[in-house]
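Engineer: Sequence first, then the predicted structure:
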Amino acid sequence: DGGITQSPKYLFRKEGQNVTLSCEQNLNHDAMYWYRQDPGQGLRLIYYSQIVNDFQKGDIAEGYSVSREKKESFPLTVTSAQKNPTAFYLCATRLTNTGELFFGEGSRLTVL
Amino acid sequence: AQSVAQPEDQVNVAEGNPLTVKCTYSVSGNPYLFWYVQYPNRGLQFLLKYITGDNLVKGSYGFEAEFNKSQTSFHLKKPSALVSDSALYFCAVRDINNNNDMRFGAGTRLTVKP
């Protein structure tokens, strides 16, 4: 089936550790996005990529890093520099300029 | 930069009654407007969008929304609510001149009671 796969669904991390969240898509979409969701704040853009080997910072990129080596994959690394990493992370893709975003099922990160 | 306001954190309706979830937006140019729904611990699902044309847009699961340029609003509506409509709803806006800057509202939690 076509879609966006995020893994892991749930992740626990100790303070000071880096973690990488996976996002894989088989929709053949060029643009991919990472959002962070916190209760009562809606979604905030972390990073986006319009094409392979290119990505741009969003509003809250500090403490995060990404790569886009393949069209299908856009992993997000939450580094130890992120002060408050506990959140729900959503990956999305977009096909056309006027099109809606397609979302994965999300990854919930909890820092212990 | 564009922005979205969802003035109600919570909307409660009885099953069978009409529902409205409000959204107002701000953009410098012409907007692309979207509604999404989220169930607990799930990703967002697309409901409908306004790009151009008819101001009344029909979407999934019987939902519709009306684009009102003078009031800069894009309220989500459904004639008859179902208990299964209970979820978190997000309005989003994108300026047609910036494809990568989609702004989301804070969300409105809809509860439909039997």
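Structural biologist: Structure received. Numbering: from 1, shown residues only, chains lettered A, B, ... in the order given.
Engineer: Now B:Asn30: closest residue in space that isn't a chain neighbour?
Structural biologist: Distances taken as C-beta to C-beta, 6 or more residues apart in numbering or on different chains place B:Ile96 nearest to B:Asn30, at 4.9 Å, with adjacent residues excluded. Using the backbone N, CA and C atoms, a C-beta is placed for each residue, glycine as well.
Engineer: okay, now the one you found: neighbour count?
Structural biologist: Counted with other C-beta atoms under 10 Å in any protein chain shown, residues neighbouring B:Ile96 total 14.
Engineer: Tell me the residues of chain B that contact chain A?
Structural biologist: Proximity of chain B to chain A, by C-beta under 8 Å from any C-beta of the partner chain, involves residues B:4, B:9, B:32, B:34, B:36, B:41-46, B:49, B:51, B:90, B:96, B:99-102, B:104-107.
Engineer: Would you mind checking those for buried ones?
Structural biologist: B:4, B:32, B:34, B:36, B:42-46, B:49, B:51, B:90, B:99, B:101-102, B:104-107 (16 or more other C-beta atoms under 10 Å in any protein chain shown).
Engineer: Low-confidence stretches in chain A?
Structural biologist: Scanning chain A for pLDDT under 70 picks out the ranges A:1-2, A:97.
Engineer: For it, which residue occupies the most central location?
Structural biologist: Compute the mean C-alpha point of chain A, and by C-alpha atoms, centre = their mean the closest residue is A:Trp34, 3.1 Å away.
Engineer: And the next helix or strand past the helix or strand harbouring that one?
Structural biologist: In this assignment (DSSP states H and E), A:Trp34 forms part of strand A:31-37. Per DSSP H and E, the first helix or strand lying C-terminal to strand A:31-37 is strand A:43-51.
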